[in-house]
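Participant: Fold the following, please.
(6 chains)
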Protein chains: 6
Amino acid sequence: MFLYSKKLVYPINIKKKDLRMAKYLITQFGGPNGELSAALRYFSQKFTMPDNKGRALLNDIATEELSHVEMICTMIHQLTKDASIKELEEAGLGPYYTEHGVSLYPTDTFGNPFTASYFAVTGDTLANLSEDMAAEEKARATYEALIRQTNDEDIVGPLLFLRQREIVHFNRFKELYDYYKERM
Amino acid sequence: MFLYSKKLVYPINIKKKDLRMAKYLITQFGGPNGELSAALRYFSQKFTMPDNKGRALLNDIATEELSHVEMICTMIHQLTKDASIKELEEAGLGPYYTEHGVSLYPTDTFGNPFTASYFAVTGDTLANLSEDMAAEEKARATYEALIRQTNDEDIVGPLLFLRQREIVHFNRFKELYDYYKERM
Amino acid sequence: MFLYSKKLVYPINIKKKDLRMAKYLITQFGGPNGELSAALRYFSQKFTMPDNKGRALLNDIATEELSHVEMICTMIHQLTKDASIKELEEAGLGPYYTEHGVSLYPTDTFGNPFTASYFAVTGDTLANLSEDMAAEEKARATYEALIRQTNDEDIVGPLLFLRQREIVHFNRFKELYDYYKERM
Amino acid sequence: MFLYSKKLVYPINIKKKDLRMAKYLITQFGGPNGELSAALRYFSQKFTMPDNKGRALLNDIATEELSHVEMICTMIHQLTKDASIKELEEAGLGPYYTEHGVSLYPTDTFGNPFTASYFAVTGDTLANLSEDMAAEEKARATYEALIRQTNDEDIVGPLLFLRQREIVHFNRFKELYDYYKERM
Amino acid sequence: MFLYSKKLVYPINIKKKDLRMAKYLITQFGGPNGELSAALRYFSQKFTMPDNKGRALLNDIATEELSHVEMICTMIHQLTKDASIKELEEAGLGPYYTEHGVSLYPTDTFGNPFTASYFAVTGDTLANLSEDMAAEEKARATYEALIRQTNDEDIVGPLLFLRQREIVHFNRFKELYDYYKERM
Amino acid sequence: MFLYSKKLVYPINIKKKDLRMAKYLITQFGGPNGELSAALRYFSQKFTMPDNKGRALLNDIATEELSHVEMICTMIHQLTKDASIKELEEAGLGPYYTEHGVSLYPTDTFGNPFTASYFAVTGDTLANLSEDMAAEEKARATYEALIRQTNDEDIVGPLLFLRQREIVHFNRFKELYDYYKERM
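Facilitator: Numbering: from 1, shown residues only, chains lettered A, B, ... in the order given. Down below sits the predicted model:
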């Protein structure tokens, strides 16, 4: 079962409204390479990992990614919460306002709703772990793009943290991949 | 942040392989009225609830629904894990085997991958809570259909528990709806 | 069977081209909370309502929502019909022009094509009516957002009318919900 | 505006429950070549037809197709309404029961929800009318497949009527295409 | 089997970066009326054409359309390859940068990923050829829209060539349609 | 540009109709881990590979995967071409017949139309090559599932060939990944 603690994994404290960046960040909530996509991928795969070692790793990282979903959402909420309609329209978020106001909804940067088609769960452990390693590389690449799109240290800090976690996860998945590869 | 505890919210202990029921249950993982759809709906909405009371309720129920996702997945895993290809094919799960083996993947009963199009987050508190009440009624209805589709007490027990939780959630959302309705 | 009368339910007479508003209004044609979504939801549900009272109400409102689809389309057409390519591009409708010229096509404000995933039809009367009540609240909320996005009285007038109808429909569905609730 | 009359365009009077055929017929409700797809295609296109002649034809056929949607739904409802869970499961409709009971929901025969991606509205009159002619040919082909899939005269009768209407519509669209081709 | 030759079907030599046009052109890669949609439609249909004449024509045009996909991609690549983040953002391509950098990805102008729902393959030769004729008209219409959206001769030249090919294909499909119509 | 040669990459000569296997094989045409998904992924990515070495490899494998699409389609066509409606229905392909007759249409085993959401193209070379390596592993896993689902040597032969090619491609992508990793 999942439990919730009010503390964020990493502190988010954005002082400057920035609708432009909110528009890009949303993909790490509901886009193909985002945190929700990662969390659901690992959570779904864990049930058929061959042993406790595999199940535990997948479960740990899935849970961590859920906490990253919350970080991303908190960032977007802080970036947008006081925006006026006029400001939203000027930032190209008029269409978003009509649909969602300034609420959070999981899409990519184009407004495509999140879909499980973004990830795969096969019946093969090595294929699943390859998928996971690729997911981590793609998430890293997306964070690097986002970091290049802003200079605000309050945004860059959490993004650097999240990027770093993707690299750690990649390495953990790589180790597990190698571990199973030897044994199969 | 989210934490994970190994204990399930409600014990799952299915002794009899049942591929037919697995095929139907999967919609409560990845279908329109399922637990994942509910969890993401409430989690997304919580950020713009007008006060702590609203945020807390949405957050609590979202977290509980995540734990229900795990219950559903555990049930499906227990129902399918030892199935042979022949058994899967006879139960009409040959197509599922090709794609996923006996792994878990979030779809409805037809194999449509989960999509966020199943739920809405508007900029309006009352509209969001109406959406949530409807979601709970639809989940209840789906559990009732599933209960009518089986006689296995090991399946019926958890489904009755889950159905009961949907009714509790409906009432909590109704109270919150009424609370905000008065104040707006 | 359906018949068509040239008269609109409410007169539409927009004198000022406004591409910005056309871009937002389109969601009430093909978006999740729009009139087409509502019409198809009620039309689909009517066949399994338990009695004539339910079937008649669902059918009446479905038919009325179809007429509202026409109102929305007429508004968008009047707002866009004389626009030049240059004007469309300046309003961010260059992509729309490439795909559709100034023709009508059912999408939300992001350009996502209409999908039936936006609505649900379960085998349960109360769940269906909850879904319908939520739909009316979400449509009301979307109209209120749109009304806040414009000052043009020729647009506001029809939107106020449509918003008012959603409230009436909500009440009708609520009555029917209560009526069946007592009897089940 | 649209009005509703209780009379069906063509009488539907199916005496024999047939879940197998219901499963195939549903595509003419919510599938790519179905009546809903046709109705929305023509309705959407009518607003930018170059003259009254074009607008009137598109509007007439759109309205007629809406009445055909109702015919198809009535057929499916008559074929399924008294089915037991056991019968539904034996006919491969167990998954449908979990999601929808015996209610109507617009999908193709695989359970894919209806999407507007099935049809196109460009800014070009001749392209739109070509699209419409193709739609009528595809609907005709689907009706012919369905007719080959049954021997029940109560089903074949309405399908032959609907097939015949598609041929009439094709010819009407062809005439309009030729008319505009000459003048452009 | 398919073979690749480095030579393009028609030379692409765009000297001026133009992000605005890249944004529109992409639909001819991954949009409903684009070259990929055409190539897959004809390729899929060829297997059940009634004779060699039909199979050969479908196969030839499918292969040619694949080469047109490459032309479109080459155009977009030349229009975007040296763009800075700042330029991309000013052209409204900030969201695209977050997801894809300046890489190619098959979508329409709104960012909807390519889907096979854009085309149909029925079991009926005449319906399939009608679909193909409509596809060619829609592609022609889209090229004409694109040509109206630019003055750059380096873009207009290849677009005129591609538009001309659609007309040739339309005529070839029309001949084949007439040929089979007589014989069926 | 692409050229076509009548010769298949590997001979397909299936002597026994087998609708069950056709139903599973189709995912290697239009499913998430199929040949079309692979071909489009590599083709899309090639334009922004950093040098000729990368572009050439991506282009070669994309072209080869297109030829594999043709192999898969040829297999399905040979497995189904003479099937009667009765045989199709008994094999659970009645729904497919209604929509497509025995024609080819790119879906997964559940009937979900192909979507580009199955693959990713980021602006990062290493992320793209990770995605490609994962794709090859997933395709390999799917071929292994399919091989376990049949005993027909005429089917197993080509599947073993295709599986082997995925392993070769994986290794080629791995080499390229390592090559760029060192240099970045």
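
Participant: Could you find the closest non-adjacent residue to residue A:124?
Facilitator: Leaving aside its chain neighbours, residue A:124 sits nearest to residue F:141 (3.4 Å; criterion: CB to CB, 6 or more residues apart in numbering or on different chains). All C-beta spots, glycine's among them, are computed from the backbone N, C-alpha and C.

Participant: Could you say which helix or strand holds the one you found?
Facilitator: helix F:125-148 (DSSP states H and E).

Participant: Same question for residue A:49.
Facilitator: Residue A:49 belongs to no helix or strand when elements are defined using DSSP H and E.

Participant: who's in contact with it?
Facilitator: Listed by CB atoms under 8 Å, 6 or more residues apart in numbering or on different chains, the contact partners of residue A:49 are A:55, A:57-58, A:125.

Participant: Pull up the gap between the residue lying closest to residue A:68 once chain neighbours are set aside and residue F:135, please.
Facilitator: Once flanking residues are discounted, residue A:68 sits nearest to residue A:35: 4.2 Å by CB to CB, 6+ apart. Going from residue A:35 to residue F:135 by CB to CB, to the nearest Å gives 22 Å.

Participant: swap in residue A:3?
Facilitator: Separation of residue A:3 from residue F:135 (CB to CB): 36 Å.

Participant: Those two: which has the busier surroundings?
Facilitator: residue F:135 (30 against 13; other CB atoms under 10 Å in any protein chain shown).

Participant: Quick one: residues contacting the residue nearest to the more buried one when sequence neighbours are not counted.
Facilitator: Excluding its sequence neighbours, the residue lying closest to residue F:135 (CB to CB, 6+ apart) is residue F:38, at 5.6 Å. Neighbour list for residue F:38: F:61-62, F:65, F:68, F:135-136, F:139 [criterion: CB under 8 Å, 6+ apart].

Participant: Just want the phi and psi numbers for residue A:3.
Facilitator: When quoted as degrees, to the nearest 10, the phi and psi of residue A:3 stand at phi -120, psi 160.

Participant: was I right about it contacting residue B:7?
Facilitator: No - Residue A:3 lies out of contact with residue B:7 (CB atoms under 8 Å); the separation is 10.2 Å.

Participant: Next, the buried residues of the helix ranked longest in chain A.
Facilitator: The residue-count maximum for a helix in chain A (DSSP state H) belongs to helix A:153-183. Across helix A:153-183, burial judged by 16 or more other CB atoms under 10 Å in any protein chain shown covers A:154-155, A:158-159, A:162-163, A:165-166, A:169-170, A:172-173, A:176-177, A:180.

Participant: Is stretch A:19-30 positioned near chain B?
Facilitator: Yes - on the criterion CB under 8 Å from any CB of the partner chain, stretch A:19-30 is in touch with chain B at residue A:30.

Participant: distance between the ends of that stretch?
Facilitator: 17 Å (CA to CA, to the nearest Å).

Participant: Can you point out the buried residues in that stretch?
Facilitator: For stretch A:19-30, by 16+ other CB under 10 Å, it's A:19-30.

Participant: Same check on stretch A:3-19?
Facilitator: Within stretch A:3-19, the residues scored as buried using 16+ other CB under 10 Å are A:4, A:8-10, A:12, A:14, A:17-19.

Participant: Output the set of residues of chain A in proximity to chain C.
Facilitator: Counting by CB under 8 Å from any CB, chain A sits next to chain C at A:85, A:89, A:92, A:94-99, A:101, A:107, A:110-113.

Participant: Can you tell me which of those residues lies closest to residue E:80?
Facilitator: residue A:110 (16.5 Å; CB to CB).

Participant: So that closest one: helix, strand or coil?
Facilitator: coil (DSSP: H, G, I helix; E, B strand; the rest coil).

Participant: Low-confidence ranges, chain A, go.
Facilitator: Residue ranges of chain A with pLDDT under 70: none are present.
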